[in-house]
Every structure is written in C-alpha cells, then in structure tokens.
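Engineer: sequence and computational prediction follow.
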Amino acid sequence: MAKPRKYQPPLLLRFTRTFFPVLEKISPFLAVRFFTQLFFTPLKYQFPEKELPWLENSKQTGVRVGNKNIVIYEWGNPEHPAIFFIHGWAGRATQFRKFYDVFIKAGFRVIAFDGPAHGKSTGKQTNIIEFAEAVKIIFQSKGVPEGVISHSFGGTVSLFSIFQNIPIKKLITIGTPVIGDLLIDSFLKAVNGTEKTREGFKKHLIKNYGRSFDEFTAGWLLQRLPFEIDLFIIHDEQDKEVSIEHAEAGAKIYPSAMTLRTQGLGHARILKDSRVINSCVEFFKTK
C-alpha cells in the first residue's frame, strides 16, 4: 500500500520561511512591510472536486464592495428562514458544505459568500473592515438572517460586524481566534518571524489605520458589543492553528455563551463533524 503523501506547504510559503529571517536581520523596516503585505494577502486554493456540485447547484448572485466583486451563494427554499455562513481566512463558502443539507432538511435556507479576495470573489488583498462591509451589503440585499455560523477569522468578522451595529442576534463561532498576540504569533510562526516584527507590525497598523490591532480582535470586540447576542462557542481541544486558549478566553469574556469542546477534529475537520453540525441546528431551533 502506498504511503500517504506528506503535506507540503505552498512553494511561496516555503521560500518565505527561508527568506524572512534573513530580511529581519538585514532590514527590520522592510521585514515589517513585507509581513504586513503577507498578513492581508490570503492564499487562494482551488475548489476541491467534492465541492464543485455545491457550486453548480447554488443560486449565485453578486454585490460590489469597493472595487471587488463578491459572489453570493444560496441553497434551499427562499421562503424559509436564512442562516448565513462566514468562512475563515483563505477559506471559501463551500467549506461548510456538510452543514448545508442538514440545515435545509431542518427547515432553513442557506446563504454564504466568498469573502473579498477569496474563492470566486475578486481581489488580491483584503481585511476585516472590507469583510464586514460585504456582510452589511449582503444583508441589505438578501435580508437579515436568523443567525450566523462562522469559522475561524469569520467569527471575528461577525463580531466586528455586530460592533458596527449590523444586526446579528444569534452567532456561532467555530475555531475563532480571540487573543490578539497569539493570532499574530501564529502568522509569524508560519514565516519564521520574531517578536520584533510583531511589535513593528502593531505600530504600523496604528500609524496607518489609527487603531490598534487589538481593536480588531474577538477578545476586544466581545467586551464592547452594542447589544446582547446569543453566542455559541465551538472549539477543538487539539486545534493546532487556533489553540483552545482562544475559546477559553472568549467564554470568560462572554460568560453567557454556550460552549462545545470537541476532541481530535482540529481546525478544519470540525466543519465536517455530525455532532458539531447537529449542535448548531439545535442552537437555532431552541434559542
């Protein structure tokens, strides 16, 4: 039997891991600028073959956000209450495909989108402000959904949207980062960067956006929501991309939240787990 192929990061990322520590030593200023470019540039992956039927069977429309075309997908009976899905960084709408059939059979319709610079939407770079603007425009176009299910960075987008008074009253976050420095450090680890670049990056954001990085994190936002929400925090104890510390911090900040801890699913497979999916349906059926 052939051995399974070991995961290989994209060639650009492998090159960056070698090149970046050298750049840090030669020019810390250029290292911060380069890291900033990387931070706001999501990797784009091809749609796996198993996701293609969901693309083909969806109703697809679009909206314009700035200079980018945003692709929206809909499945299910348009008369049924909607659940809106927000994917994570470098993700796409069809990553939630295992949820869709279950939710449709439970009496919901599904709306999702490929965020700016993600999936079939256009653009090379993006940020949380642009994502939240897309959410706002889609809600204006499609109506306010019954609630939102989000993964990873999508959870932070959801909370930032609420902070901007976008009416999300019921929210599920799955594998969402909460602690700012740990989030930056996970990016730094991917490129073999150091704390020196982290601090330079934070100063760069304040200088160029007039706001600290923390003001765009789930932990900061959870403490400043303009209205109360029904929140369900789901996280896997073995998530290597976003550690369980993040979920623990979120639950401590927002103690009324429901929580579900899973084991052995990691950061991506959690989106295919039947227990997780059924728990999400139950949340919207009973709350």
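Structural biologist: Nice, I can see it.
Engineer: show me the contacts for residue 106.
Structural biologist: Contact analysis of residue 106 by Cβ atoms under 8 Å, 6 or more residues apart in numbering lists 281, 285. No exception for glycine: its C-beta is placed from N, CA and C like everyone else's.
Engineer: tell me the contacts of the residue nearest to residue 224 when sequence neighbours are not counted?
Structural biologist: Sequence neighbours aside, residue 163 is the residue nearest to residue 224 in space, at 6.4 Å (criterion: Cβ to Cβ, 6 or more residues apart in numbering). Shown in contact with residue 163 (Cβ under 8 Å, 6+ apart): 221, 224-226.
Engineer: drop anything exposed from those.
Structural biologist: Buried by 16 or more other Cβ atoms under 10 Å: 221, 225, out of those.
Engineer: looking at the contacts of residue 163, which are in helices?
Structural biologist: residue 221 (DSSP state H).
Engineer: give me the subset of the contacts of residue 163 that lies in strands.
Structural biologist: With strands taken from DSSP state E, there is no overlap with the contacts of residue 163.
Engineer: what strand or helix carries the nearest residue to residue 115 once chain neighbours are set aside?
Structural biologist: Ranked by Cβ to Cβ, 6+ apart and with sequence neighbours excluded, the top spatial neighbour of residue 115 is residue 131, at 5.2 Å. In the assignment (DSSP states H and E), residue 131 maps to helix 128-142.
Engineer: would you mark the buried spots in that helix?
Structural biologist: 128, 130-139, 142.
Engineer: give me the contacts around the helix or strand hosting residue 22.
Structural biologist: Using DSSP H and E, residue 22 sits within helix 11-26. The contact list for helix 11-26 (Cβ under 8 Å, 6+ apart) reads 8-9, 30-31, 34-35, 38, 43, 190-194, 196-197.
Engineer: with stretch 273-287 instead?
Structural biologist: Applying Cβ under 8 Å, 6+ apart, the contact partners of stretch 273-287 are 83, 98-99, 102-103, 106, 108, 146-147, 149, 170, 172, 174, 230, 232, 234, 258, 260, 262, 265, 270.
Engineer: buried ones among those?
Structural biologist: In the contacts of stretch 273-287, burial by neighbour count holds for 83, 99, 103, 106, 108, 147, 149, 170, 172, 174, 230, 232, 234, 260, 262, 265, 270, counting by 16+ other Cβ under 10 Å.
Engineer: from these, which land in helices?
Structural biologist: Among the buried ones among the contacts of stretch 273-287, DSSP H puts 99, 103 in helices.
Engineer: so who does residue 128 touch?
Structural biologist: Contacts of residue 128 by Cβ under 8 Å, 6+ apart are 153, 156-157, 160, 216.
Engineer: equivalent analysis for residue 79, please.
Structural biologist: Residue 79 neighbours (Cβ under 8 Å, 6+ apart): residue 109.
Engineer: contacts only, for the residue nearest to residue 115.
Structural biologist: 86, 115-116, 157, 160.
Engineer: next: residue 74.
Structural biologist: Counting by Cβ under 8 Å, 6+ apart, residue 74 touches 58-61, 109-111, 142.
Engineer: the contacts of residue 163: which two are farthest apart?
Structural biologist: Spanning the widest gap among the contacts of residue 163 are 221 and 226, at 10.4 Å by Cβ to Cβ.
Engineer: now do the shared contacts for those two.
Structural biologist: 162-163.
Engineer: from residue 79, how far off is the closest residue to residue 221 other than its chain neighbours?
Structural biologist: The shortest distance from residue 221 to any non-neighbouring residue, by Cβ to Cβ, 6+ apart, is to residue 159 (4.1 Å). Between residue 159 and residue 79 the computed distance is 30 Å (Cβ to Cβ, to the nearest Å).
Engineer: ok, now residue 117?
Structural biologist: 33 Å.
Engineer: can you mark which positions in stretch 150-169 are buried?
Structural biologist: Here stretch 150-169 shows 150-163, 166, 168 as buried, counting by 16+ other Cβ under 10 Å.
Engineer: now intersect the residues you listed with the strands, please.
Structural biologist: Counted as lying in strands by DSSP E, out of the buried residues of stretch 150-169, are 150-151.
Engineer: pretty sure residue 117 sits against residue 92.
Structural biologist: No. Taking contacts as Cβ atoms under 8 Å, residue 117 lies outside contact range of residue 92: 11.2 Å.
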